[in-house]
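Trainee: Next comes the sequence, and after it the predicted model I'd like to discuss.
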Amino acid sequence: MRKSILALSFAALLSVGSYASEHQGAHWDYDAHGPSHWGEFGETCAKGAAQSPINILTNQTAAIETSKAIALTEAVQTKGAVVDNGHAIQVNIDNGGKLTVDGTDYKLLQFHFHGKSEEMIDGKQYDLVAHMVHKSDAGNLAVIAVLFEEGKTANKMVQKVIDNVGKPIEINPNDLLPKQSDHYFHFMGSLTTPPCSENVKWYVMKEVQSATKAQVEAMRKFYANNYRPVQPLNGRKIESK
Ligand SMILES: [Zn+2]
């Protein structure tokens with residue numbers, strides 16, 4: 001069981017970047033080998049200057065440049081599989097939708113959940129976040145973050161994921177996006193797990209989704225503490241649409 005979890009997690013990392021394996025015999029985590037040690041697993045985690053997540057200060061954002069706005073084509077019915085990748089519950093997508101930015105398509109590979117939001121908005125941390133990881137043919141990454149707050153309304157996609165861990169699934173990734181998917185913050189950042197590769201385009205949806213307390217708790221039964229602390233902005237520009 002342990003072996004298969006590690007194998008899955010290794011495969012997941014390979015799919016989003018090159019794996020720095022200088023740390024033989026140990027593996028990064030959120031505990032003894034947590035975020036302050038991640039430089040041992042990927043140099044960029046410690047030395048990078050454009051790391052994610054960040055705290056978005058809304059009064060310091062600028063209007064988005066047209067070339068950085070995204071067009072979403074996520075309304076695609078697809079097969080996939082819900083896996084425990086060893087760090088998060090993740091839905092691998094067979095053939096889903098895409099986002100397009102400045103004429104380049106980024107295909108949806110997977111989405112996964114963190115037990116609290118990694119990104120903050122004006123210092124506020126949310127109750128869950130989903131990260132939708134997209135990749136271009138050239139290997140560049142673009143990630144959409146969907147924030148969740150505990151509320152009265154259940155989220156259908158969160159429920160479907162929780163109910164199908166370890167199983168195949170048929171979904172429409174568009175169901176994860178907020179209705180107002182045309183409003184978001186954008187900045188350049190990194191993967192929030194080793195190897196913390198940079199040059200990742202981040203899009204954080206402004207419309208926060210509701211998930212029930214039971215759903216948040218069910219997701220946290222798998223992973224409650226799998227979020228990286230916010231990283232220095234280092235003069236990066238945050239754009240708003
Ligand atoms: Zn993530």
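Mentor: The structure has been received and is ready for your questions. Residues are numbered from 1 along each chain as shown.

Trainee: ok, and the helix or strand in the chain with the lowest average confidence?
Mentor: Every helix and strand in the chain was compared by mean pLDDT, DSSP states H and E; the lowest is helix 2-16, with a mean of 47.

Trainee: Secondary structure element holding the spatially closest residue to residue 134 that is not a sequence neighbour?
Mentor: The shortest distance from residue 134 to any residue other than its chain neighbours is 3.6 Å, reached at residue 106 (CB to CB, 6 or more residues apart in numbering). (Each C-beta comes from the backbone N, C-alpha and C, glycine too.) Assigned by DSSP states H and E, residue 106 belongs to strand 104-114.

Trainee: check contacts around the residue nearest to residue 134.
Mentor: Shown here is residue 106, whose contacts under the criterion CB atoms under 8 Å, 6 or more residues apart in numbering are 98-100, 134-136, 140-142, 201.

Trainee: Spit out the contact partners of the closest residue in space to residue 220 that isn't next to it in sequence.
Mentor: Counting by CB to CB, 6+ apart, the nearest residue to residue 220 once its immediate chain neighbours are dropped is residue 115, at 4.6 Å. Shown here is residue 115, whose contacts under the criterion CB under 8 Å, 6+ apart are 128, 219-220, 223-227.

Trainee: can you check residue 185 too?
Mentor: Taking CB under 8 Å, 6+ apart as the test, what residue 185 contacts is 56, 58, 61, 121, 202-204, 206, 238-241.

Trainee: repeat that for 10 Å
Mentor: Taking CB atoms under 10 Å, 6 or more residues apart in numbering as the definition of contact, the neighbours of residue 185 are 54, 56, 58, 61, 64, 119, 121, 145, 202-206, 238-241.

Trainee: Point out where this protein drops to low pLDDT.
Mentor: Counting by pLDDT under 70, the ranges of the chain that qualify are 1-25.

Trainee: hmm, 80 instead?
Mentor: Under the criterion of pLDDT under 80, the regions of the chain flagged as low confidence span 1-26.

Trainee: circling back: what subset of the contacts of residue 115 is buried?
Mentor: Under a neighbour-count criterion of 16 or more other CB atoms under 10 Å, the subset of those counted as buried comprises 128, 219-220, 223, 226-227.

Trainee: So which of those belong to strands?
Mentor: When strands are assigned by DSSP state E, the members of the buried ones among the contacts of residue 115 inside them are residue 128.

Trainee: Spatially, which two of the buried ones among the contacts of residue 115 are the most separated?
Mentor: The two members of the buried ones among the contacts of residue 115 with the most space between them (CB to CB) are 219 and 227, at 12.1 Å.

Trainee: Number of residues surrounding residue 74?
Mentor: Other residues near residue 74 come to 21 when the count uses other CB atoms under 10 Å.

Trainee: Pretty sure it sits against residue 134.
Mentor: Yes. Between residue 74 and residue 134 there is a contact at 9.4 Å, judged by CB atoms under 10 Å.

Trainee: what about the closest residue to residue 167 other than its chain neighbours, distance to residue 169?
Mentor: Distance criterion CB to CB, 6+ apart; nearest residue to residue 167, sequence neighbours excluded, is residue 82 at 6.0 Å. Computed with CB to CB, to the nearest Å, the distance linking residue 82 and residue 169 is 5 Å.

Trainee: Spell out which residues are contacts of both of these two.
Mentor: Common contact partners of residue 82 and residue 169 (CB under 10 Å, 6+ apart): 91-92, 160-161, 163.

Trainee: Going through the residues you listed, which ones are buried?
Mentor: Applying a neighbour-count criterion of 16+ other CB under 10 Å, the buried members of these are 91-92, 160-161.

Trainee: Tell me, how many residues neighbour residue 87?
Mentor: Neighbour number of residue 87 under other CB under 10 Å is 22.
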